[in-house]
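Novice: make a model of this:
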Amino acid sequence: MKKMIAIAAALLCFAAIASAQPKALGIRATYGVELSYQHNSGPGFFEFDAGLFNKYMDVTAVYDFNIAPIGPLNFYAGPGVFIGGWPNDGSVNLNAGLAAQVGLEYTFDFPLQISLDWRPWFNFVDGFFGHYSGAALGIRYAF
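Specialist: Numbering: from 1, shown residues only. Sure, this is the predicted structure:
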């Protein structure tokens, strides 16, 4: 019985710690619009974005390191990956590759976060080895 109580208490503690991690959900506006989710983890945060740019759609995952947090202001940078595609004469062109992100974000005293970042992409699929980049403005609800 003592072991069961200890295990239940440990599970509740782990659940409380996991749910206490700051998160943010919103949009990231660039050449199109991306739905953006951030989840703090360790010395940085994961950012997951799903975007629509005219007919092109992509999904990007980045781990950003908090480089210079100063109160509610944070400078961050990190590596990531992406996969995307667009229709082309009845088929779908796919691309995938590596991404990086550098940005600055500010979290207000109320649950609002704004960010400005730059993200280059390096495509390695579909015979096209290209480079893209773009700046974006993010507006997220921080919870």
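
Novice: hey, let's count contacts and neighbours off CA atoms from now on
Specialist: Noted.

Novice: check contacts around the spatially most central residue of the chain.
Specialist: By C-alpha atoms, centre = their mean, the chain has its centre lying nearest to Glu47, at 1.6 Å. In this structure, Glu47 makes contact with 36-39, 61-64, judged by C-alpha atoms under 8 Å, 6 or more residues apart in numbering.

Novice: can you check Phe65 too?
Specialist: 43-45, 76-78.

Novice: ok, and what's touching the helix or strand harbouring Tyr76?
Specialist: In this assignment (DSSP states H and E), Tyr76 forms part of strand 73-88. Contacts to strand 73-88, defined as C-alpha under 8 Å, 6+ apart, come from residues 55-69, 92-107, 121.

Novice: what about that strand, distance to the chain center?
Specialist: Put simply, strand 73-88 sits 7 Å off its chain's centre (C-alpha atoms, centre = their mean, to the nearest Å).

Novice: count of neighbours near Gly90?
Specialist: Number of residues near Gly90 (other C-alpha atoms under 10 Å) recorded here: 6.
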